[in-house]
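S.K.: Got a predicted structure here, sequence first:
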Amino acid sequence: MAIESSTFSPHRAGARDFQRVEGDELIQRYPSLRDGSHLGAAEWLPVYYARSIPGGAVLREVYDEIKGRILDGLRALVAEAPLDGLFFDIHGAMSVDGLDDAEGDLIMAIREVIGADVLVSASMDLHGNVSDPLVSQVDIITCYRLAPHEDTWETRDRAIGNLVDALQAGIRPRRAHVTVPILLPGEKTSTRVEPAKSLYARIDEIERRPGIIDAAVWIGYAWADEPRCHGVVVVTGTDDAAISAAAEELGQAFWDVRDEFEFVGPPGTLAEGVDAGLAATDTPYFISDSGDNPGAGGTGDVTWTLAQLLADERLTAPDAPTVLVGSIFDAGALAQLRRYGVGDPVTVTAGARIDHGPHGPVTISGVLEGLYEGDPDAGGIAVIRVGGLRVIVTEFRKAYHAVEDFTAIGLDPLAAQIVVTKIGYLEPTLYEIQRGWTLALTPGGVDQDLQRLGHHRIQRPMFPFDRFEGAPDLTARLFG
């Protein structure tokens, strides 16, 4: 079960937010199982998988329903024959109403069904959180090594391969766990740039050491206010001394570069981004509406940025250059827009139905340039032309994080002067085509200014929130 949840977002993930996969479709989802490269002598049995795009905390009844489906599926399998291993595919930053450690709760419940002897291997996002219950119950645990996450499937395959290898070798690995008191947004810890680039580059050499199976560094998830939110290092292997030394080495390396983390893209205000984009001669110029990034947990309906764009006559004039704006969601607005035909003048009020803190709903008056149905995430989609602006209004939450998200609705980012989208660091296809970029420090549930959000439940002291009088305790603790 996978979702990244901002506890600062008023959105609540409901049943519709989760895509469900089971049966043979679940086996086919994983390349290494589909092509047989990690089958070995194993028989893979599908249980259940539910995944949502990032958002707010999950409604408790939805979590309980999905958890129940997973446990029922496991009970049915265990009743037929004992299990040897389990692949636990999670994100790691799921928040659930009423729980402080959702993944820990889930794996503890799973252990009650499958027993203590079944070997468990987990794949996680490096923006996940590794709690004591989680690391105590998962025998082999790994996470992405790239941000943006271009190694998502490689990481899952590694977790599957680690599981098969350990079962075939008849070993039960142990974990060395180091807590690193650092909490930073992903946009300051991208592996595209230093110091994260070099920090993660150390993993290959560590994994080649005798007695070590896997090494992983978690940046942690900054937009949840939970005690488990902080940096973590876990090294897995068969030699206690080797894994402990490696975990402490990586933990110290992480701590030593804490002051070097900076935004991966040029930060600035929205106004500075618009000025730079209009002045650009090499385009498209991208502006990240980072405070309301649905890919990190934002609601996707914060209107603060859209309101500023609509008030800028340089963008709304009839001869203004093309500026794509993705997006704002409002089911009621879509219902109204469906009454019109493409080419009709329209006026609709949209947004701020969930997160109305920074700005209220905005009125959009223009021409209906496109109307589309059937998007798996967005449902219905409308494009409204207001001078040079092409405002995307969706029925449900959707992240416009890839070129094809725009081209699917007739918008070509390459032909635009500016592309404004609710994102933090640019995902690969957008990064490839950008010719200039401002990471706009806008408000929302995933505000880059963590101090502005007001964490009060995280462990203290924590960098960069607090001063440290001395070095933190980076001693490895052994699990397993």
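M.R.: Thanks, I have the structure now.

S.K.: What distance do you get for Leu441 to Gly265?
M.R.: Distance, Leu441 to Gly265, using C-beta to C-beta, to the nearest Å: 11 Å. Any C-beta I mention is one placed from the backbone N, CA and C, and that applies to glycine too.

S.K.: Repeat that for Pro10.
M.R.: Taking C-beta to C-beta, one finds Pro10 at 27 Å from Gly265.

S.K.: More neighbours: which of those two?
M.R.: When Pro10 and Gly265 are compared for neighbours, Gly265 comes out ahead with 24 against 15, by other C-beta atoms under 10 Å.

S.K.: Let's verify that one: helix, strand, or coil?
M.R.: Taking DSSP: H, G, I helix; E, B strand; the rest coil as the rule, one finds Gly265 in the coil state.

S.K.: Verify the contact between it and Leu439 for me.
M.R.: Yes. Using C-beta atoms under 8 Å, Gly265 and Leu439 qualify as a contacting pair, with a distance of 3.9 Å.

S.K.: Next, show the common contact partners of these two.
M.R.: 187, 288, 425 (C-beta atoms under 8 Å, 6 or more residues apart in numbering).

S.K.: Those in strands, which ones?
M.R.: When DSSP state E defines the strands, the subset of those inside them is Ser288.

S.K.: For the host helix or strand of Ala247, name the packing helices and strands.
M.R.: With elements taken from DSSP states H and E, the one containing Ala247 is helix 240-256. Here helix 240-256 is seen to pack against strand 174-180, helix 196-207, strand 212-218, strand 231-237, strand 477-479 when contacts are counted using 3 or more C-beta pairs under 8 Å, 6 or more residues apart in numbering; DSSP states H and E.

S.K.: buried set for the longest one?
M.R.: This means helix 196-207. Buried residues in helix 196-207, defined by neighbour count with 16 or more other C-beta atoms under 10 Å: 196, 199-200, 202-203, 206-207.

S.K.: Among those, which one lies nearest to Phe254?
M.R.: Phe254 has its nearest neighbour among the buried residues of helix 196-207 in Leu199, at 6.1 Å by C-beta to C-beta.

S.K.: ok, that closest one touching Gln252?
M.R.: No. Using C-beta under 8 Å, Leu199 is not in contact with Gln252; the gap is 10.9 Å.

S.K.: which stretches of this protein have low pLDDT?
M.R.: For the chain, applying pLDDT under 70 flags the ranges 37-41.

S.K.: Tell me how it divides into domains.
M.R.: The chain resolves into domains spanning 12-262, 267-447 when parsed by automatic domain parsing.

S.K.: Any idea which of those domains gets closest to Gly480?
M.R.: Of all the domains of the chain, it is domain 12-262 that lies closest to Gly480, at 3.5 Å by C-beta to C-beta.

S.K.: for Pro46, what are its contacts?
M.R.: Residues counted as contacts of Pro46 (C-beta under 8 Å, 6+ apart) are 22-27.

S.K.: Name the nearest residue to it, ignoring sequence neighbours.
M.R.: In space, and not counting its chain neighbours, Pro46 is closest to Leu26: 3.8 Å by C-beta to C-beta, 6 or more residues apart in numbering.

S.K.: so that neighbour, which of the three states?
M.R.: Secondary structure for Leu26, judged by three-state DSSP, is helix.

S.K.: so it makes contact with Ala50?
M.R.: No. Between Leu26 and Ala50 no contact is recorded; they are 10.7 Å apart, counting by C-beta under 8 Å.
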